[in-house]
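Visitor: let me see the structure of the following:
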Amino acid sequence: MRKKVLFIFGIMIGFVILFTSPSIAKSEKPIVWKFANYGSATSPWNMLPAWFFRELEERSGGRIKAKLYLASSLVPMKQAPEALKAGVCESTVFVPPYYHSKIPLCGFLSYPFVMPGSGSKEGIRDTFLIADKYFSHPNITKELEKWDAMYIVPHGFTQYELIGNKVVKNLNDLKGMRIRVTGPHVEVMKRFNAVPVWVSTSEAFEALQKGTLDGFLHSVYFFHRYKIFEACKYFIDDMQMGTTMDPMVIKLSAFNKLPEDLQKIVLQLKKEALTKFWTTYYEEEALGRQVLNDNEKITVFKFPKEDRAKLKEVAKEVAWPEWIEKTKKLGLPAEKMSNWILGEIEKKGW
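Guide: Coordinates of the predicted model:
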């Protein structure tokens, strides 16, 4: 009888070992998340999400794996909210200026001169801290949840500067200049008689070479990564016209389906990503400026502070009210949100 009991007990122990051993756990089918984004693999837009998902896979012991679909190969970015909601992908980046009616509150940070200048390490850090605070607001959470989206980290650019093949020493020199500019920056440029031109980022290099484009408004690291410096003669520094800050998101229902331990890993990575992202953008900006300074073919002009102040006044007079009015028409607290974040920027000295 005793032998029989021991035999049965041994079998039970064997089953426990068998089904709890690491080898069995590793044979579990991993959860696969698809990340959809635009841009090249070498740009921060994708270098940083790639870091996030590598860390997630490693810390989860391979229980979560990610497939990265870059250069809009899975989802056209103008359809990112619909794609996330439909389950075409489990993570992406929402670009507010592309679809104001879909995530209207998210878009205020992308308006010219909302963000303080980021011409320093501290400035770039503050840009990301501001964006993180804004995207974490309950009103933004509610807006994103309509698309089954959960905010993770700000994903954007450093401040917009001007590069091109026409000398710009002051505001008067913008007259007649054909500038690649998008979204809310358009009306500000038009006020000073510049000619806004739309070309895709991939077409900008050739347009600058051929002379169909006189200037390009974007970030320094972008000019470096896409070799825009090679097609230009002049760089206009210290315009600091604002930036585009986008929320990187994860499908909320996909997150909610995760076991609690995996959810904790995602949330811990979310905290770490904020610092990782802003420090990497600072390094990219510094690298771009070093390449710029080493380029003997480019002449650098400093944009006058008094002229930048005039640009900002026009943005406050034209662009900001435009966002408030069209957002209020959707029944949303536009003034409350804009006053709140502008107040936080001033109060904290960001």
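Visitor: give me the neighbour count for K302.
Guide: 11 (other Cβ atoms under 10 Å). (Glycine included, C-beta is placed from N, CA and C.)
Visitor: okay, Y160: pLDDT?
Guide: Turning to Y160, the model gives it a pLDDT of 94.
Visitor: that one against L217, yeah?
Guide: Yes. In this structure, Y160 is within contact of L217 by Cβ atoms under 8 Å, at 5.0 Å.
Visitor: pull up the overlap in contacts between the two.
Guide: H185, M239, M241 (Cβ atoms under 8 Å, 6 or more residues apart in numbering).
Visitor: got a pLDDT number for the last one?
Guide: Yep, that's M241 we're talking about. Residue-level pLDDT assigned to M241 equals 93.
Visitor: now do the SS call for it.
Guide: Three-state assignment for M241 (DSSP: H, G, I helix; E, B strand; the rest coil): coil.
Visitor: that one contacts H185, doesn't it?
Guide: Yes. In this structure M241 lies within contact range of H185 using Cβ under 8 Å: 6.4 Å.
Visitor: the residue most central in space within the chain bridge partners, please.
Guide: Nearest to the geometric centre of the chain sits H155, at 2.1 Å (Cα atoms, centre = their mean). Beta-bridge pairing for H155 (DSSP bridges): D246.
Visitor: distance from stretch 125-133 to the middle of the chain?
Guide: Relative to its chain's centre, stretch 125-133 lies at 12 Å (Cα atoms, centre = their mean, to the nearest Å).
Visitor: could you pull up phi and psi at T299?
Guide: phi -100, psi 130 (degrees, to the nearest 10).
Visitor: for stretch 109-123, which residues meet the burial criterion?
Guide: Across stretch 109-123, burial judged by 16 or more other Cβ atoms under 10 Å covers L109, S110, Y111, P112, F113, V114, M115, P116, G117, S118, G119, G123.
Visitor: hang on, I179 in a helix?
Guide: No. Using three-state DSSP, the assignment for I179 is strand, not a helix.
Visitor: how near is it to T244?
Guide: Remark: distance between I179 and T244 (Cβ to Cβ, to the nearest Å) = 16 Å.
Visitor: give the residue spans of the stretch 1-150 of the chain that score low on pLDDT.
Guide: 1-27 (pLDDT under 70).
Visitor: now the helices for it?
Guide: 2-20, 22-26, 44-59, 80-86, 121-135, 138-145 (DSSP state H, counting those that start in this stretch).
Visitor: distance from the third one to the middle of the chain?
Guide: Just to be clear, that refers to helix 44-59. With Cα atoms, centre = their mean, you get 14 Å for helix 44-59.
Visitor: now it: buried residues?
Guide: 44-53, 55-57, 59.
Visitor: now, which of the residues you listed sits nearest A207?
Guide: W45 (21.2 Å; Cβ to Cβ).
Visitor: what does the helix or strand containing L217 rub up against?
Guide: Using DSSP states H and E, L217 sits in strand 215-218. Residues from elsewhere that reach strand 215-218, judged by Cβ under 8 Å, 6+ apart: 157, 160-166, 168, 177-181, 185, 189, 201, 204, 208, 223, 228, 232, 236, 239, 241.
Visitor: go again using 6 Å as the cut-off
Guide: Y160, L162, I163, G164, M177, I179, R180, V181, A204 (Cβ atoms under 6 Å, 6 or more residues apart in numbering).
Visitor: returning to what we had before: find residues that contact each of M241 and H185.
Guide: With Cβ under 6 Å, 6+ apart as the test, M241 and H185 both reach P112.
Visitor: what about L105, how many neighbours?
Guide: 25.
Visitor: that one reaches E143, doesn't it?
Guide: Yes. At 5.2 Å, L105 counts as touching E143 under the criterion of Cβ atoms under 6 Å.
Visitor: just the helices in the stretch 201-350 of the chain please.
Guide: 201-210, 220-225, 252-256, 260-294, 305-314, 320-328, 334-347.
Visitor: and of those helices, who's closest to D132?
Guide: helix 260-294 (5.5 Å).
Visitor: tell me the angle the closest one makes with helix 121-135.
Guide: If you take axes from the mean of the first three to the mean of the last three Cα atoms, to 10 degrees, helix 260-294 sits at 140 degrees to helix 121-135.
Visitor: now do the buried residues in helix 260-294.
Guide: 262, 265-266, 269-270, 273-274, 276-278, 280-282, 284-285, 288-289, 291-292.
Visitor: if we can go back for a sec, now do the contacts for the residue nearest to the centre of the chain.
Guide: V93, D246, M248.
Visitor: and E187, by the same measure?
Guide: V318, A319.
Visitor: likewise for M77?
Guide: M77 touches Y38, V95, counting by Cβ under 6 Å, 6+ apart.
Visitor: just to revisit the earlier point, and of the contacts of H155, the nearest to L332?
Guide: D246 (18.7 Å).
Visitor: was I right about that closest one contacting F157?
Guide: No. Look at D246 against F157 with Cβ under 6 Å: they stay out of range, at 8.9 Å.
Visitor: neighbour count: those two, which is higher?
Guide: Using other Cβ under 10 Å, the more surrounded residue of D246 and F157 is D246, with 28 against 24.
Visitor: what separates the more buried one from S43, distance-wise?
Guide: When D246 is compared with S43 (using Cβ to Cβ), they lie 13 Å apart.
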